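In: below is the sequence, then the predicted model.
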Amino acid sequence: MRSEEVVRHVSTPLMNPAYPPIKPRFTDREYLNIVYRTDADALRAVVPEPLEIDEPLVRFEVMRMGDVSGYGPYTEAGQAIPVRFGDERGEYLHAMYLDNFPATASGREVSAFPKTVGAPRLYVDHDVLVGTLDYGSLRVATATMGYKHYPLDPEAAKAQITVPTFMLKLVPGYDGTPRVAELVRTEITDVVVKQAWTGPARLQLFEHVLAPLADLPVREVVSASHILTDLTLAPVNPVHNYLKES
């Protein structure tokens, strides 16, 4: 294989890449979002500069992807932290756990999503929407919300999930030191909100050394939403280079 042919490939293994070179479209992406208040010092310990925190809030999310071009259906859970970058308000993606390897590999390599392995679920149990996250055989999160208690304005639902998203892009060099260390930004586009609901909710987080969601403890549930939507993820753009700064 000639050099010019090698560089046309974007993923390894060379002859059977881990994910396709496409821009995925999400159809019937279903969210359970629970925004909760946590400890300000715990947030300061994990949110990187130059992002700033105004309120000690976290959004725990469980997302069931009904259909994703290139990847198929899968489920994902994680934590997002409301932050400010200069005058722009958005969310810092702190942790994401999912059950689909191509989506995990592409999210980390092509973008900067902090994805790792996990076993999340989103389902309806009688009159309750339930979101869970297991790491291995152990439960690390359980979220419950009253099923479709009150309609949520579609524009308010859209505003919840389309805020700018910030992530850390960390790539080590061959000597173990950072080769890439950037803060990047992305956003959700082409959004169609099909359903949106709100209602009472509860969230439990359990201690785990390799899935430390409980390091951002739940002090008070602030709000909850259940959203069904179609959307596309925009490419990421770097907004801060830590290596140049240092």
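Out: Okay, I see it.
In: going by C-alpha atoms from here, please, whenever you check contacts or count neighbours.
Out: OK.
In: low pLDDT regions in this structure?
Out: With pLDDT under 70 as the threshold, the chain has low-confidence stretches at 246.
In: got the residue ranges for the helices in it?
Out: Assignment of helices within the chain using DSSP state H yields the ranges 3-6, 40-44, 101-109, 154-161, 242-245.
In: what's the most buried one of those?
Out: Per residue and on average, the most neighbours among the helices of the chain fall to helix 101-109, with a mean of 18 (mean count of other C-alpha atoms under 10 Å).
In: report all helices and strands that that helix contacts.
Out: For helix 101-109, the packing partners by 3 or more C-alpha pairs under 8 Å, 6 or more residues apart in numbering; DSSP states H and E come out as strand 115-117.
In: rewinding a little: need the helices of the chain in TSV with distance to residue 30, can you?
Out: TSV is the format used below for those (distance: least, C-alpha to C-alpha, whole Å):
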stretch	distance to residue 30
helix 3-6	38
helix 40-44	27
helix 101-109	16
helix 154-161	11
helix 242-245	35
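In: which one of those helices lies closest to residue 205?
Out: helix 40-44 (14.6 Å; C-alpha to C-alpha).
In: what sits closest to residue 67 if chain neighbours are left out?
Out: residue 73 (4.7 Å; C-alpha to C-alpha, 6 or more residues apart in numbering).
In: ditto for residue 103
Out: residue 71 (6.3 Å).
In: give me the number of residues near the one you found?
Out: 20 (other C-alpha atoms under 10 Å).
In: residue contacts, it?
Out: For residue 71, the contact set (C-alpha atoms under 8 Å, 6 or more residues apart in numbering) comprises 19, 100, 102-103.
In: may I have stretch 225-233 exported as PDB, CA atoms only?
Out: Output of stretch 225-233 as PDB, limited to C-alpha atoms (Å, rounded to 0.1, in the frame of the first residue of the first chain):
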ATOM      1  CA  SER A 225     -36.600  16.300  31.600                       C
ATOM      2  CA  HIS A 226     -37.400  13.500  29.200                       C
ATOM      3  CA  ILE A 227     -36.800  14.400  25.500                       C
ATOM      4  CA  LEU A 228     -37.100  12.600  22.200                       C
ATOM      5  CA  THR A 229     -35.300  14.200  19.300                       C
ATOM      6  CA  ASP A 230     -33.400  13.800  16.100                       C
ATOM      7  CA  LEU A 231     -30.000  15.600  15.800                       C
ATOM      8  CA  THR A 232     -26.500  15.900  14.400                       C
ATOM      9  CA  LEU A 233     -23.200  16.500  16.200                       C
END
